[in-house]
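Participant: I need the structure of the sequence given here:
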Amino acid sequence: MEGKGCFGNFIQTAKPYIAMISLQFGYAGMNIITKVSLNGGMSHYVLVVYRHAFATAVIAPFALVLERKVRPKMSFSIFMQIFVLGLLGPVIDQNFYYAGLKFTSPTFSCAMSNMLPAMTFVMAVICRMEKLHMKKLRTQAKVAGTAVTVAGAMLMTLYKGKVVNFIWSEHMHPHTSSAPDTTGSSDKDWVKGSILLIIATFAWASFFILQNVTMRRYQAPLSLTSLVCFMGTLQSIAVTFVMEHKPNVWTIGWDMNLLAAAYAGIISSSVAYYVQGLVMEKRGPVFVTAFSPLMMIIVAIMGSFILAEKIYLGGILGSVLIVMGLYSVLWGKYKEYQEKDAEDIILEPVKGNSGNSQNVLAIEDIEANHSEVFNSQAVPALAISGGPITTVPPMIAVEAPKN
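Facilitator: Model prediction:
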């Protein structure tokens, strides 16, 4: 029994970590498939529309059935928060990220998005969702880990170094690569792509912060996810009508474009939004975003397999720094989580003892009042009634439950 209990506790503790690591594999697959689709000529505006249409179609039935009794009432303030969530996530983040991905490469895009933990941590501190206690080691670990993570991402971006040939890359042929040669890209497009990716990362961090706030007021994660995806679909349709004027851009067949939209909608939007909301509710936004550097490492390895991307020495060194920073942030969050659990365990007995002491004081007051009443009224009562006093005990029986 003790073994089962320990195993159960381990599973409960490991659930958030397993969920977030699995999401990074899902995001990595989305980056590779989307890159192939964008290289094939698909508009990223249309891709965002189809992506969130698929996400709404998948998650909405579960929300209608499973949360029909617990769904909170919709207020104007919650509606506005959902509207802004749809604008930050599906519209701004996805469109700018896809545009940056089109101008650069999957590995570079993931490297730039590794600024997400730093942005989210800073915004969480500004919004007073994270407290900075610089004298505590856990806070120093989170700050240092965030800085090291950003440094690793920047190293990957600014320093390439020599090409590292892996065992599987020796069997790859250059003509089989579906990725464009990024070395021939103009500096203007490369800078443009970097700026678009930075804006997308900022919108993504803002989405996490607002989602954490909204989850506290609208405690129906499936319904919230479906509403955000539906709102994002409507907003993306409006943006696409403005940016794309050719009707044929909406055409989609049984090809990579359909796979990219369905995969991104089901895995990266509906499932990801829901899982992120659940994990964020327990561990906070910084914990969720701290896993994003893993996506870059997975994309670099998958890109070398599928897209025949070249892996450079700078990328490997940057990945090492990112992993070090990631575990530093996670260690700080884990220590913070342990401290909160310890405080909850300590506070419960204290609250219980304070309540018992109040009850004891109340009983002592009742007994004191009882003795005073008995001493002052015992003789007159006996003289009038000639029998035992019956008025005091019923009064005690009525008053005791109120205290």
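
Participant: Determine the three-state secondary structure at Phe230.
Facilitator: With DSSP: H, G, I helix; E, B strand; the rest coil as the basis, the three-state label of Phe230 is helix.

Participant: Not counting its neighbours along the chain, what's nearest it?
Facilitator: Here the nearest residue to Phe230 in space, its sequence neighbours aside, is Thr56; by C-beta to C-beta, 6 or more residues apart in numbering that works out to 4.6 Å. Where you see a C-beta, it was placed from the backbone N, CA and C, and this is true even at glycine.

Participant: and Tyr312, backbone torsions?
Facilitator: Tyr312 has phi and psi values of phi -100, psi 160 when expressed as degrees, to the nearest 10.

Participant: ok, now which ones touch it?
Facilitator: Applying C-beta atoms under 8 Å, 6 or more residues apart in numbering, we find Tyr312 in contact with 160-164.

Participant: which residues does it form a beta bridge with?
Facilitator: Using DSSP bridges, the beta-bridge partners of Tyr312 come out as Val163.

Participant: What score does it have for pLDDT?
Facilitator: Confidence at Tyr312, expressed as pLDDT, is 74.

Participant: gap between it and Val213?
Facilitator: The span separating Tyr312 from Val213 equals 40 Å under the rule C-beta to C-beta, to the nearest Å.

Participant: end-to-end on stretch 245-257?
Facilitator: Counting by C-alpha to C-alpha, to the nearest Å, you get 19 Å between the two ends of stretch 245-257.

Participant: What lies in contact with it?
Facilitator: Applying C-beta under 8 Å, 6+ apart, the contact partners of stretch 245-257 are 33, 36-37, 40, 42-43, 45-47, 50, 240, 258, 261.

Participant: With respect to Glu339, which of those residues is nearest?
Facilitator: Each of the contacts of stretch 245-257 was checked against Glu339 using C-beta to C-beta; the closest is Ile33, at 41.3 Å.

Participant: Tell me if I am right that the closest one is in a helix.
Facilitator: Yes - assessed with three-state DSSP, Ile33 lies in a helix.

Participant: count of neighbours near it?
Facilitator: Other residues within reach of Ile33 by the criterion other C-beta atoms under 10 Å amount to 22.

Participant: residues touching it, list them.
Facilitator: Residues counted as contacts of Ile33 (C-beta under 8 Å, 6+ apart) are 256, 259-260, 263-264.

Participant: now do Ser268
Facilitator: With C-beta under 8 Å, 6+ apart, Ser268 has these contacts: 26-27, 30, 51.

Participant: Turn those residues into a markdown table, including neighbour count.
Facilitator: A markdown table is the format used below for the contacts of Ser268 (neighbours: other C-beta atoms under 10 Å):
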| residue | neighbour count |
| --- | --- |
| Gly26 | 18 |
| Tyr27 | 22 |
| Met30 | 22 |
| Arg51 | 30 |
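
Participant: which of the residues you listed lies closest to Met295?
Facilitator: Looking at the contacts of Ser268 and their distance to Met295, the nearest is Tyr27, at 4.8 Å (C-beta to C-beta).

Participant: Which one of the contacts of Tyr312 is nearest to Ala19?
Facilitator: Of all those, Ala19 sits closest to Val164, with 31.4 Å by C-beta to C-beta.

Participant: Identify the spatial nearest neighbour of that closest one, chain neighbours not counted.
Facilitator: Ile311 is the one closest to Val164 (C-beta to C-beta, 6+ apart), at 5.0 Å.

Participant: Any idea how many residues pack against the one you found?
Facilitator: When neighbours are defined as other C-beta under 10 Å, Ile311 has 18 of them.
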